[in-house]
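A.B. asks: quick one: sequence plus predicted model below, questions after.
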Amino acid sequence: MAVAMAAVILIGFPMQYMMGRSTFHMPVMVHVHAVVFFGWTLFYVLQNVLINRASIVLHRRLGWIGAGWAAVVVGLGIYTTAAMVRRGGSPFFFQPNYFLFMNWLTVLAFGGLTAAAIVLRRRTDWHRRLMLCGMVILTGPAWGRLLPLPLMIPWAAWGVFAAVMILPAIGMMTDRRRTGRVHPAWWWGTGTIAAIQILIGVVAFSPAGLAVYDTVVAGAAGERVDPLAFPPPPPGLAGPRPG
């Protein structure tokens, strides 16, 4: 599953560049964000390889590096999203206020599940399942680049959510087949992901959420963007518009 998640990320992001939808002419912090997030992906795969080879001591030592790395992932995720919204760079298949809270809350969910997995590191049955649920959240942006989200407006976020849930669902079914029951860690992990998905819409469209959005974009180009309207697609890219 670690390799599958890395493959989704490795395929999803370069595809944007190869199709001419992305460019290297972006702010430095966007590149830093990319290096840190993809570095975390490789680190996660490495930790799984070490366990598979029974290199438990090294796995545990590196785990503390991972704890700090995960904290950086959360911080950069919050910062980079705010920077994108401030310059009016929200993808056209998400309303800007929704995009802001979608990224913020999902990266916080990643941080929360990863922290819980670290706390429960000696209970390996919980640890590995919660780590997977945390990691699978980070595949969301990659799935967003693989799925035809312009054709899924206004349900693009739910399409990404469905894709993200594929691997945890496989894990649950595997548990059921092997042991006759689903391990409770899956329910906590997938329950967190589902709860966050619902919470995004509640918070983003609330008066408090809109007030936070206004504060984030104050004095920047994003201030001139309607937070409740889907941005226009790039020139030459036609797609359905919400009614």
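C.D. replies: Happy to help now that I have it.
A.B. asks: run the chain-centre distance for the top helix by length along the chain.
C.D. replies: Among the elements of the chain assigned as helix by DSSP state H, the one spanning the most residues is helix 56-86. Centroid displacement of helix 56-86 relative to its chain, using CA atoms, centre = their mean, to the nearest Å, is 12 Å.
A.B. asks: packing partners for it?
C.D. replies: For helix 56-86, the packing partners by 3 or more CB pairs under 8 Å, 6 or more residues apart in numbering; DSSP states H and E come out as helix 28-52, helix 96-119, helix 207-217. From N, CA and C alone the C-beta is placed, and that goes for glycine too.
A.B. asks: buried stuff in that helix?
C.D. replies: Across helix 56-86, burial judged by 16 or more other CB atoms under 10 Å covers 59, 62-63, 66, 69-70, 73-74, 76-78, 80-86.
A.B. asks: can you name the farthest residue from the center of this structure?
C.D. replies: The centre of the chain is farthest from one residue, residue 180, which by CA atoms, centre = their mean lies 30.7 Å away.
A.B. asks: how close does it get to residue 172?
C.D. replies: Applying CB to CB, to the nearest Å, the value for residue 180 to residue 172 is 12 Å.
A.B. asks: can you list the helices and strands packed on helix 56-86 in TSV and add distance to residue 232, mean pLDDT and mean neighbour count?
C.D. replies: Formatted as TSV, the helices and strands packed on helix 56-86 follow (distance: least, CB to CB, whole Å; pLDDT from 0 to 100; neighbours: other CB atoms under 10 Å):
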stretch	distance to residue 232	mean pLDDT	mean neighbour count
helix 28-52	22	91	16
helix 96-119	12	97	22
helix 207-217	18	97	15
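A.B. asks: any idea how far residue 174 is from the residue farthest from the centre of the chain?
C.D. replies: As judged by CB to CB, residue 180 and residue 174 stand 12 Å apart.
A.B. asks: and the spatially most central residue of the chain, what does it touch?
C.D. replies: By CA atoms, centre = their mean, the chain has its centre lying nearest to residue 138, at 3.3 Å. Contact partners of residue 138, counting by CB atoms under 8 Å, 6 or more residues apart in numbering, are 5, 9, 37, 40, 41, 73, 110.
A.B. asks: rewinding a little: of the helices and strands packed on helix 56-86, which is nearest residue 165?
C.D. replies: Residue 165 sits nearest to helix 96-119 of all the helices and strands packed on helix 56-86, at 12.8 Å, using CB to CB.
A.B. asks: buried set for stretch 5-15?
C.D. replies: 5, 6, 8, 9, 12, 13.
A.B. asks: residues contacting the fourth one?
C.D. replies: Going back to what we said before, that points to residue 9. For residue 9, the contact set (CB under 8 Å, 6+ apart) comprises 38, 41, 138, 139, 142.
A.B. asks: at 10 Å instead, please
C.D. replies: Residue 9 makes contact with 37, 38, 40, 41, 42, 135, 138, 139, 141, 142, 143, 145 under the criterion CB atoms under 10 Å, 6 or more residues apart in numbering.
A.B. asks: how about residue 216: what's its closest non-neighbour residue?
C.D. replies: Distances taken as CB to CB, 6 or more residues apart in numbering put residue 82 closest to residue 216, at 5.3 Å, once the chain neighbours are dropped.
A.B. asks: ok, the residue lying closest to residue 183 once chain neighbours are set aside - how many residues close by?
C.D. replies: Setting aside the residues directly before and after it, residue 183 is nearest to residue 175 in space (CB to CB, 6+ apart), at 5.1 Å. The tally of other residues near residue 175 (other CB atoms under 10 Å) stands at 17.
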